[in-house]
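Engineer: pasting the sequence and the predicted model now:
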Amino acid sequence: MKLDEILQSAGKDSRRRRVGRGGGSGRGKTSGRGHKGYGSRSGAKRRPGYEGGQNPVLFRVPKRGFSNIRFRKNYQEVNICDLEQFSDGDRIDGEKMREAGLISDAEAPVKVLGYGQIQKKLTVVAAKFSTSAAEKIASAGGNAETIE
């Protein structure tokens, strides 16, 4: 028997709380619900952040500023070195990248980044290219096509 096995079994199951079993138990009479009010009734559920009727902290703190996060466009990123696995002269679009396991969604926009080297002449179709990626594709004799 190992020490971690002993500790696991020793404190594994906590005893269930027996409520409403006399004043000596510490949870008799009102069974920990207090006197009257919404919380004492059966089926009482409060939403997260409820503060007993007082104005919640979320409403007390002023709202300021503006955020563009709702309008942000998320790109799937593919590095130049990942495109080296394709054959010379191939046309690589979102569907081919998904089949190769480079991206998860063929419909979502793709940005090609310039990490690594490429030797093959490829036609790469993507929503965006970094400057270095476009230069490396062109220097290898390929073509970088931008789509919306």
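Structural biologist: Thanks, I have the structure now.

Engineer: right, and Arg98 touches Ser104 too?
Structural biologist: Yes. Look at Arg98 against Ser104 with C-beta atoms under 8 Å: they come within range, at 7.1 Å. No exception for glycine: its C-beta is placed from N, CA and C like everyone else's.

Engineer: these two: who's more crowded?
Structural biologist: Arg98 (17 against 9; other C-beta atoms under 10 Å).

Engineer: which of the three states applies to the more buried one?
Structural biologist: Classification of Arg98 using DSSP: H, G, I helix; E, B strand; the rest coil returns helix.

Engineer: which residues sit in contact with the closest residue to it other than its chain neighbours?
Structural biologist: The shortest distance from Arg98 to any non-neighbouring residue, by C-beta to C-beta, 6 or more residues apart in numbering, is to Ala106 (4.3 Å). Ala106 makes contacts with 93-95, 97-98, as judged by C-beta atoms under 8 Å, 6 or more residues apart in numbering.

Engineer: now do 6 Å
Structural biologist: Applying C-beta atoms under 6 Å, 6 or more residues apart in numbering to Ala106 gives the contacts 94-95, 98.

Engineer: next, give phi and psi for it.
Structural biologist: phi -70, psi -20 (degrees, to the nearest 10).

Engineer: next, work out how far apart it and Tyr75 are.
Structural biologist: Between Ala106 and Tyr75 the computed distance is 14 Å (C-beta to C-beta, to the nearest Å).

Engineer: ok, back up a step: pLDDT at the residue nearest to Arg98, what is it?
Structural biologist: Looking at Ala106, its pLDDT stands at 90.

Engineer: how far away is it from Val125?
Structural biologist: Ala106 is 11 Å from Val125, by C-beta to C-beta.
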